[in-house]
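> got a predicted structure plus its sequence, pasted below:
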Amino acid sequence: MSQDHTVPAEAVAATEVPEPGAVTIVVPTFNESANIRRLLHQITESVPSRLPCEVVFVDDSTDDTPEVIRAAARDCPFPVTVLHREEPVGGLGGAVVEGMKAAGSDWIVVMDGDCQHPPSLVPELVATGERAGAGLVVASRYLKGGSRAGLAGSYRVAVSRGATWLTKSLFPRRLHGISDPMSGFFAIRRGDVTAEALKPLGYKILLELAVRSRPRTVGEVPFVFQERFAGASKSTAQEGLRFLRHLAGLRTADPLARMVVFGLIGLTGFAPNLAALWAMTEAGLHYLPAEIAANQFGVAWNFLLIEKLLFRDRRRHRHWADRTLRFAVLANADLVLRIPLIALLVGRFGLAVLPATAIALVITFVLRFAGTEALVYLP
Ligand code: GDD
Ligand code: MN
């Protein structure tokens, strides 16, 4: 990241920019040059008279947005900074976290750069947080008085509703009291942001903060999501997939949840395993070698899913060939280990065959999970 796009010194001197204020407004931008003047004008009209502020743009643009911001900043009665990132890690969410690290105020308000979020609400978000002693105040489209007027098309409304429902069901406790966890407009106390613990991935930075930073008390204020002023949304189908990966990463942050997902993925592995077994025995192969070969299909399937969904950000510690080999050895050791273990439970401890098998399955499953955690993917 380069910081060389900050406001030029002569512009700062010319407008007698005041000290950073009570709130830092963080605005992520990606090719928004046609919206900047209007946004800064709206902020100028409604914020500094009620609450001293500074604005930090975190820009990943490929157009002239940084230059447009610097030019427009000369007319602003508050400090404006542009951080232009050469390597846009984490997309929108990554940009917001960079802006939060650069914030000079106790309160940080995050809002979009396309005028869909009314800046007149900024002082109210902060005031609500102060009044309630809250660490996080969300501008919600789903509270009485709020709406998503600017969400173009019934397709986007349906997707938004489905995503909100899914997310709230996955994190019922963490998102308690947050009616709109997908909102991109919120205020958070700087002290409640645990920047080092965050792993932002795409658009849903509020969700990331609510789940990983866990602010103490949460407040909400209704707002009307406006029409975008100029240009089009930067969200793509790829962004939708990134959101699902983000959800998976958040949901499997603790080991117990990881073990459950590991087990569920393991169950789905029965399908390719049985399909391969059927195909090979149909083709005339004896069932014993077919069992062993078919098992490899299940193992490969599980490996792919686990790599994509469960240990995505722990893959870099080992080469992929190394991980594949280790995973395959563990999965097959599981099979080899199970029979002597059952024999031991029956012969030595006098258990019946069925409970012995059930216990052996549980033991080898937990061992395989622990082995995968420690030997295939380092923490
Ligand atoms: N720095 C940076 N990097 N900014 C980005 C990036 C990026 O990769 N992608 C988008 N932005 C900026 C845009 O320039 C804009 O200022 C803001 O982030 C929001 O992007 P939009 O593309 O306009 O998003 P949206 O309108 O589809 O979605 C908004 O509303 C959703 C709720 O319906 C966002 O606020 C979402 O977070 C929110 O969930
Ligand atoms: Mn938008």
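It's in. Just so it is clear, the structure is predicted and the values come from calculations on it, not from any experiment. Ligands and ions are numbered 1, 2, ... in the order given.

> element containing G249?
Assigned by DSSP states H and E, G249 falls within helix 237-251.

> so R190 touches G99, yeah?
No. Assessed by CB atoms under 8 Å, R190 is found out of contact with G99, at 11.4 Å. C-betas here are computed from N, CA, C, even on glycine.

> with neighbour numbers in mind, choose between those two.
More neighbours surround G99 than the other of R190 and G99, with 23 against 16 (other CB atoms under 10 Å).

> confirm for me that the more buried one is in contact with I25.
No. Judged on CB under 8 Å, G99 makes no contact with I25 at a distance of 9.0 Å.

> any common contacting residues for those two?
Overlap of the contact sets of G99 and I25 (by CB atoms under 8 Å, 6 or more residues apart in numbering) consists of 56, 108, 110.

> quick check, nearest of those residues to ligand 2?
Closest approach to ligand 2 among those (CB to the ion): V110, at 13.1 Å.

> tally of neighbours for that closest one?
Residues lying near V110 (other CB under 10 Å) number 26.

> tell me where the stretch 201-350 of the chain has strands.
Taking DSSP state E, counting those that start in this stretch as the criterion, the stretch 201-350 of the chain carries its strands at 218-222.

> mind listing the helices for it?
205-208, 237-251, 255-268, 270-282, 287-305, 320-347 (DSSP state H, counting those that start in this stretch).

> now do the longest one against helix 287-305, angle only.
For the pair helix 320-347 and helix 287-305, the angle between their directions (axes from the mean of the first three to the mean of the last three CA atoms, to 10 degrees) equals 130 degrees.

> okay, the angle between the helix or strand following helix 320-347 and helix 255-268?
Note on helix 320-347: by DSSP H and E, the next helix or strand toward the C-terminus is helix 353-371. If you take the same axes, to 10 degrees, helix 353-371 sits at 120 degrees to helix 255-268.

> what about helix 353-371, average pLDDT?
Averaged over helix 353-371, pLDDT sits at 92.

> so which elements touch that helix?
helix 255-268, helix 320-347 (3 or more CB pairs under 8 Å, 6 or more residues apart in numbering; DSSP states H and E).

> tell me the average confidence for the strand or helix carrying V27?
Using DSSP H and E, V27 sits in strand 23-29. Confidence over strand 23-29 (mean pLDDT, whole number) is 98.

> helices along the stretch 51-200 of the chain, start to end?
65-73, 91-102, 122-132, 154-170.

> list the buried ones in stretch 206-220?
Neighbour-count burial for stretch 206-220 flags 206-213, 215, 218-220 (criterion: 16 or more other CB atoms under 10 Å).
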